[in-house]
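1. Got a predicted model here, sequence first, then my questions.
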Amino acid sequence: MTDARFEDGGDRPLYLQALSTEDLEVISSLVQDAVFPITEISWRSHARRFGLLLNRFRWEDREAAEARGRPYERVQSVLEFADVLKVSSQGVDRSDKDLVLSLLAVSFEPGEDGAGRILFTLAGDGVIALDVECIDVTLKDVTRPYAAPSRAVPRHD
């Protein structure tokens, strides 16, 4: 069996930018149920950039996979945030290098003058918070899609 290719479905890798709350909601829907090892979190304070290397479920491909009777797909994506002033977390054991986190949602709590806090809601009651000057987010697929190991659509109770 070979890996799936974007060309097989006529799709192209995602490369999106969010500059508003509405844009961030679109990105949140695309990264819902992404999983990532804690070791794939990058915080470069001097550059004010925060990034994650995610294994993203390809929600945009779900209907095509079902119609063609082929496996659901995941793809590795970089989710990067600019103008980050501070990073904090709650309910995340940062010392556990084997920890794999599951992302449920990305949201924004506005502050003053466009600043605010971006929240990553994680399965198991964990949260990562970014204090930001503004919303400036990019989501970029960086590998070809691959068959989702679970072969199932993520479900939530």
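-> Sure thing, it's come through. Remember, predicted model here, so these are calculated numbers, not experimental data.
2. next one: stretch 99-107 to chain centre, how far?
-> Chain-centre distance of stretch 99-107: 7 Å, with C-alpha atoms, centre = their mean, to the nearest Å.
3. Other residues contacting that stretch?
-> Stretch 99-107 has contacts (C-beta atoms under 8 Å, 6 or more residues apart in numbering) with 24, 27-28, 31-38, 52, 54, 79, 92-93, 118-124, 126, 156. (Glycine included, C-beta is placed from N, CA and C.)
4. Which strands or helices does the longest helix along the chain pack on?
-> Determined from DSSP state H, the single longest helix within the chain is helix 21-31. For helix 21-31, the contact count by 3 or more C-beta pairs under 8 Å, 6 or more residues apart in numbering; DSSP states H and E identifies strand 15-18, strand 49-57, strand 73-81, strand 100-110, strand 137-141 as packing neighbours.
5. contacting residues for Val84?
-> Trp43, Arg48, Arg49, Phe50, Leu130, Asp131, Val132.
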